[in-house]
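>>> only geometry, no sequence info:
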């Protein structure tokens with residue numbers, strides 16, 4: 001959101017503040033505004049500060065039907081501009097005393113729009129029917145756009161379109177529920193004509209529109225169709241299989257939808273948006289509750305396929321797909337979906353909240369994922385996979401309790417997960433077991449309990465034995481080595497601490513030299529520098545702090561809390577050198 005740039009923030013149907021907060025995270029990343037990624041709430045304060053300091057920006061809050069929730073997201077004073085689109089009528093808490101009502105287009109405006117939209121010269125007869133159509137549509141912009149798109153694409157006359165419009169399934173439209181208020185019948189008529197045109201051209205495109213009407217409306221990535229092809233209609237799969245490249249297949253499917261103004265494609269981004277009203281009209285065409293449930297479960301399955309377990313490497317993807325994951329999780333709750341994919345989806349959304357520091361939002365998702373996975377085990381459905389998901393859910397919940405200092409609650413969950421994996425004795429689960437050993441050791445390290453503290457070394461060593469027996473686990477091995485080194489340092493075993501810090505750095509440096517930018521290397525180098533400083537070896541610590549700062553500045557930015565901590569460590573070390 002630089003000078004002369006606008007951004008639009010859509011709203012979640014359940015909790016708009018979550019969607020806005022996620023958008024602020026994205027804007028901070030785009031504008032390189034620093035915040036603590038482990039505490040997502042800091043993105044709100046960082047971006048509010050940016051809005052207060054910068055000029056020439058425009059922020060659009062689209063469909064802000066709960067304007068009161070915006071109060072905490074806007075600075076008291078700012079130098080840019082904010083536009084709200086809303087069905088609400090009071091905005092006094094935001095300091096807006098008068099709002100501008102957006103009315104329907106006048107007859108002349110609607111008539112002019114239709115004539116310009118079809119991009120052709122009209123004779124007097126056509127002008128008469130164009131005006132008659134403008135009267136019939138009653139000035140609703142979306143309906144006018146869809147009618148204009150249809151007439152331009154099919155090259156039919158306004159007279160013929162008006163006849164089609166008036167005769168179109170009036171009895172069906174009368175039966176539809178008023179889901180769109182005053183928009184319903186007019187938009188449904190124009191939309192159904194465009195829908196029929198798309199169906200005549202490429203039936204699979206209609207199936208794509210039907211499916212995507214159950215996603216969040218904005219920024220739907222192409223890979224919802226490519227990655228989720230196996231869950232979708234056979235006609236969609238056939239188009240993708242016949243294409244030279246799956247993305248070209250998606251482009252073919254979307255072309256008629258864009259042509260008839262049913263979607264908006266974002267050039268160069270491989271994603272598209274659907275107007276909310278079009279989505280609602282599409283949903284009214286479902287033949288049964290079972291069909292709706294089937295489509296919603298397809299969304300759950302597809303989003304689970306493409307949504308990552310949030311970490312440093314894929315956090316931007318998780319931010320971009322957040323609104324779709326949120327709505328898919330709503331479908332899990334709404335339909336009580338008990339499948340391995342619904343369990344995984346809830347775990348992934350919980351991980352997103354955990355990664356961003358929203359622990360209160362993560363906990364119920366982890367509990368629900370554990371409940372579903374246990375239910376699958378009891379019903380003997382996909383039992384092996386369900387048992388693995390029980391372990392993952394136990395680990396996730398235990399890590400959450402460790403982070404929130406609920407140590408007595410965390411320990412039995414880690415131990416239960418370890419017991420399950422050890423009793424399985426499945427080689428494929430070795431790395432999960434190693435991770436659990438490491439996580440339990442970390443719990444004992446932060447827990448002020450001497451008896452448990454003495455078990456740390458054994459747990460780390462068991463994790464290392466497993467990890468070193470597998471290929472390409474250098475980052476994971478380095479993490480455990482760093483943890484073990486930190487433990488040795490607290491016990492005064494400095495030679496072992498130094499040795500393990502250096503081994504961790506060597507592994508991470510190899511990845512760094514291969515082009516992998518990761519803050520773990522900077523943190524490991526900082527840890528070794530801290531060890532040297534504690535031994536009053538300030539000269540040895542100096543170049544290490546310098547290198548750590550360079551890496552952290554590159555990977556996290558100068559304003560990140562970790563970078564700032566290392567900057568202060570370096571400053572203290574410099575002061576010691578001067579003495």
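Structure received. Just so it is clear, the structure is predicted and the values come from calculations on it, not from any experiment. Residues are numbered from 1 along each chain as shown.
>>> apart from its neighbours in sequence, what residue is nearest residue 252?
Nearest non-adjacent residue to residue 252, counting by Cβ to Cβ, 6 or more residues apart in numbering: residue 239, 6.0 Å away. All C-beta atoms are positioned from the backbone trio N, CA, C, and that covers glycine.
>>> and the gap between residue 384 and residue 84?
For residue 384, the distance to residue 84 equals 51 Å [Cβ to Cβ, to the nearest Å].
>>> and these two? Which one has more around it.
For residue 384 versus residue 84, neighbours defined as other Cβ atoms under 10 Å are more numerous around residue 84 (19 against 12).
>>> buried ones in the helix or strand hosting residue 250, by neighbour count?
Taking DSSP states H and E as the criterion, residue 250 maps to helix 246-259. Applying a neighbour-count criterion of 16 or more other Cβ atoms under 10 Å, one finds 246, 249, 250, 252, 253, 254, 255, 256, 257, 259 buried in helix 246-259.
>>> contacting residues around the fourth one?
For residue 252, the residues meeting the contact criterion (Cβ atoms under 8 Å, 6 or more residues apart in numbering) are 202, 239, 243.
>>> please enumerate the strands of the protein.
Taking DSSP state E, the strands of the chain run over residues 5-9, 55-61, 79-84, 220-221, 264-266, 271-273.
>>> just for this protein, where's the confidence low?
Residues of the chain that meet the criterion pLDDT under 70 lie in 1-15, 38, 87-89, 168-187.
>>> most distant residue from the centre of it?
The C-alpha centroid of the chain is most remote from residue 124, which lies 52.3 Å away (Cα atoms, centre = their mean).
>>> residues in contact with the residue nearest to residue 300 when sequence neighbours are not counted?
Leaving out its chain neighbours, the residue that sits closest to residue 300 by Cβ to Cβ, 6+ apart is residue 328, at 4.8 Å. By Cβ under 8 Å, 6+ apart, the contact set of residue 328 is 299, 300, 303, 304, 345.
>>> then residue 91?
For residue 91, the contact set (Cβ under 8 Å, 6+ apart) comprises 67, 84, 99.
>>> now residue 293
Residues in contact with residue 293 (Cβ under 8 Å, 6+ apart) are residue 335.
>>> tell me how far it lies from residue 334.
As judged by Cβ to Cβ, residue 293 and residue 334 stand 9 Å apart.
>>> repeat that for residue 422.
Distance of residue 422 to residue 334, given as Cβ to Cβ: 38 Å.
>>> now do residue 71
Going from residue 71 to residue 334 by Cβ to Cβ gives 29 Å.
>>> how does this structure divide into domains?
Residue ranges for the domains of the chain, per automatic domain parsing: 5-94, 107-283, 295-404.
>>> so which of the ones you listed gets nearest residue 550?
Taking Cβ to Cβ, domain 5-94 is the member of the domains of the chain nearest to residue 550, at 16.6 Å.
>>> how far off centre is the closest one?
Relative to its chain's centre, domain 5-94 lies at 17 Å (Cα atoms, centre = their mean, to the nearest Å).
>>> and stretch 216-229, by the same measure?
Using Cα atoms, centre = their mean, the offset of stretch 216-229 from its chain centre is 12 Å.
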